[in-house]
Each structure stands twice: as C-alpha cells, then as structure tokens.
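quick one, what's the 3D model for this:
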Amino acid sequence: MTSTPADRRSRAMRQPPLPEADARAIDAFLDAIWAERGLSRQTLDSYRRDLSGLARWRQDRGGGVAGADRAALLDYLAWRTGLGYTARSNARLLSALRAFYAHCLRRGDRDDDPTALLEAPRQGRSLPKALTESQIDALLAVPDSATAAGLRDRAMLELMYACGLRVSELVGLPANGVNLRQGVLRVTGKGGKQRLVPLGEEAQHWLERYLREARPALAGGRPVAGADAPLFLVPGGGAPSRQQFWATVKRHAAAAGIDPARVSPHGLRHSFATHLLNHGADLRALQMLLGHSSLSTTQIYTLVAREQLKRLHARHHPRA
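Alright, predicted model coming up:
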C-alpha cells in the first residue's frame, strides 16, 4: 500500500526522547527568546517542535542540534521536502533555526551561523479559503441550541464569523472582554495588542443566550467569575482548547453538508473578511477589525474578491 506524505511524516516523528544536551540547549534558547521578545506560547511551542525535529534527525547521524553545519541543515531541509513538508513549513523551520543559532552566537557556544547563507524556500502566494454566505448560514444553523454545548457552539461560531477572530483569540476570550451594553468585544491579539470589535445584532443575541442559559450549566456550579475567567466553557468550567474548537468546526461542517477538509476556524476569519469586502467595506477598516499590523497583510483579501469577480464573469458573460 502506498504511503502518503502525512504517513511518512508521522513515522518520522515517532522518535526516541531528545538527547539531554539538545534538550538543555533548546530549553535555554526558548527561555531567552521568551524573555527578549515576549513570544506567545503557540510560537514557542512551534519553535520547540521544529528544533526537536532537527535534534532527533541529527541524533541518528551522530550529531547534536547546536553543532550542525550548513551542509547538515541543507540535508535536513531536503529530507523534509522528501517527506512532503511544504515550502511554508520549511520557511517556518528556517526562521526558528535562524533565531536559535543567533542565540548560540550571542552565548559564545559557536563562532559562526550555519543559516547565514541559507535562502528561505520560495512560497507561492495562496489565497485564503472562504466559505460562501450560504455555506456560513448552513454551518451556523447546525448546533442544537436546545443543549448547553450546542448553544455554546452556536455562540462561538457566530462570534468568530461576526468578529473575524483568530481561534486563539476566541478560545482565550475572558468573560470581562464582552460589553453587551455597547455591543463590542475587547480582543487581545498578536503581540498583546488590544482592539475593539463590534459584535453585530445576531452574534450579540446568541452570546446573550449563551451567557444566560448555557454558561451556568457548563460551569457545573463552580465559580467562573473574575478577571481571568474564560468566556466560553467546557463542562466543569475550563476553557476549550484550540484543538477542541477545531474538531467542533469540522464536525458541524460535515453535518451541514460542507466538506470538512475545506473548513477550519481560520476559514471563518477569512470568510468574515471576504464577505465584508464583497459588501463594500473599506480596506483600512478591515485592517483594524482583523488586528493586522500592516495593511499589506489585509490586501490579500482584495485578491480574493478579484478572483471571485473573474469566476462570476467567466460563468455568466456570453463572451467570457
């Protein structure tokens, strides 16, 4: 039976624990970069996975991660490409390696940077995958609002689509980040930057229902007040994880008759942005709503709208 790239990557990652020297070097780097840059837990976890992958690959070839030279890194990148890793994934790995070896240089652990002459893999510019408005309507209608969990899911989906939130922003929303009287959310995004996002009437309706009917039931009698209390709860009072919400979106998409492979939490954010632009939203306003630090990041959605116009023209114009 032919193995897929995912199968090969899965087998490649089933490796023994890291050598102690590599584990110490990676821990020291992550502690230092957290103190210097205040990186998010997700970014630190990504760096750890990337560096640990290199350390395990080097372990089989008689070397440690801190002592790798340029030739070894090129071999590792080629090996990953053979396993089916994308150019985007390898570019992210190279970013982690650059930060790690710069740290080794500063500490005096080595006197050269093996990533200095390495070029990032070329990445094609991929357009965000957005659902149609009818698909969004079908997805939002799936959760059973007669149950506490279903009402929570409906409120979370409505909020993500209405406000264009990142999944980490959604599951990490504190209860005191909601102002129902003014109809806004206070969202903490990348780099700890805060922004205010309007809720919209439909999302506010479902959020009010969730707070009134479902949240107390999900808390199970436990106190869930205070500045750090999560807005959305799983049974027992804790906040859902990103992985749990990802699985929730996939499950509801399948029930709505949408291919789950085409749907993700981030796809709801893309849909929010694309639909706003299609209905005439200003690009600068969209930048503020999405929490993008650069307008160039937001401009990719103009490409989405342009592609949709091309498809519409090709489908309906007699001389297309």
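
not counting the host helix or strand of Arg24 itself, show me its contacts.
Here Arg24, judged by DSSP states H and E, is contained in helix 20-37. If you take Cβ atoms under 8 Å, 6 or more residues apart in numbering as the criterion, helix 20-37 is touched by 17-18, 39, 44, 47-48, 51-52, 55, 58-59, 64-66, 99-100, 103-104, 107, 109. All C-beta spots, glycine's among them, are computed from the backbone N, C-alpha and C.

tell me what the helix or strand following it is packed against?
Proceeding N to C from helix 20-37, the next assigned helix or strand is helix 41-59, under DSSP H and E. Contact here means 3 or more Cβ pairs under 8 Å, 6 or more residues apart in numbering; DSSP states H and E; on that basis helix 41-59 packs against helix 20-37, helix 70-83, helix 87-107.

okay, the angle between helix 41-59 and helix 20-37?
Here helix 41-59 runs at 150 degrees with respect to helix 20-37, directions being taken by axes from the mean of the first three to the mean of the last three Cα atoms, to 10 degrees.

what's the mean pLDDT across helix 41-59?
Averaged over helix 41-59, pLDDT sits at 89.

skipping its backbone neighbours, what lies nearest Leu157 in space?
Once its chain neighbours are removed from consideration, Leu157 has its nearest residue in Leu140; the separation is 5.5 Å (Cβ to Cβ, 6 or more residues apart in numbering).

tally of neighbours for that neighbour?
Here the neighbour count serves as a burial measure; for Leu140 (other Cβ atoms under 10 Å) it reads 20.

and what of Arg186?
Arg186 has 14 nearby residues by other Cβ under 10 Å.

that older thread, how near is the residue nearest to Leu157 to Ala91?
Separation of Leu140 from Ala91 (Cβ to Cβ, to the nearest Å): 35 Å.

domain map for this protein?
The record's domain split for the chain, according to automatic domain parsing, is 5-107, 133-316.

could you dump these into CSV with distance to Thr115 added?
Listed next are those as CSV, based on distance: least, Cβ to Cβ, whole Å:
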stretch, distance to Thr115
domain 5-107, 5
domain 133-316, 24
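
to Pro114, which of those lies closest?
Comparing those by their distance to Pro114 (Cβ to Cβ), the top pick is domain 5-107, with 4.5 Å.

one step back: show me what contacts the residue nearest to Leu157?
Under the criterion of Cβ under 8 Å, 6+ apart, the contact partners of Leu140 comprise 154, 157-158, 161.

so what pLDDT did it get?
95.

could you report the distance from it to Leu185?
Shown here: Leu140 relative to Leu185, a distance of 18 Å by Cβ to Cβ.

and what of Tyr101?
From Tyr101 over to Leu185 the distance is 40 Å, taken as Cβ to Cβ.

repeat for Gln59
Computed with Cβ to Cβ, the distance linking Gln59 and Leu185 is 46 Å.

who's more crowded, those two?
Of the pair Gln59 and Leu185, Leu185 is the one with more neighbours under other Cβ under 10 Å, namely 25 against 17.

which element is the residue nearest to that one when sequence neighbours are not counted on?
Closest residue in space to Leu185, ignoring its immediate chain neighbours: Val197 at 4.8 Å, by Cβ to Cβ, 6+ apart. If you go by DSSP H and E, Val197 is part of strand 194-198.

what lines up beside that strand in the sheet?
The strands beside strand 194-198 in its sheet (DSSP bridges) come out as strand 184-188 (antiparallel).

ok, and what's touching the partner strand?
Applying Cβ under 8 Å, 6+ apart, the external contacts of strand 184-188 come out as 159, 163, 165, 169, 172-173, 177-179, 194-199, 291.

repeat that with 6 Å
Taking contacts as Cβ atoms under 6 Å, 6 or more residues apart in numbering, the residues outside strand 184-188 that touch it are 163, 169, 177-178, 194-198.

now do that strand, average pLDDT.
The model assigns strand 184-188 a mean pLDDT of 88.

do stretch 236-253 as well
Per-residue pLDDT over stretch 236-253 has a mean of 90.

list the buried ones in that stretch?
Buried residues in stretch 236-253, counting neighbours by 16 or more other Cβ atoms under 10 Å, are found at 237, 239-240, 245-246, 248-250, 252-253.
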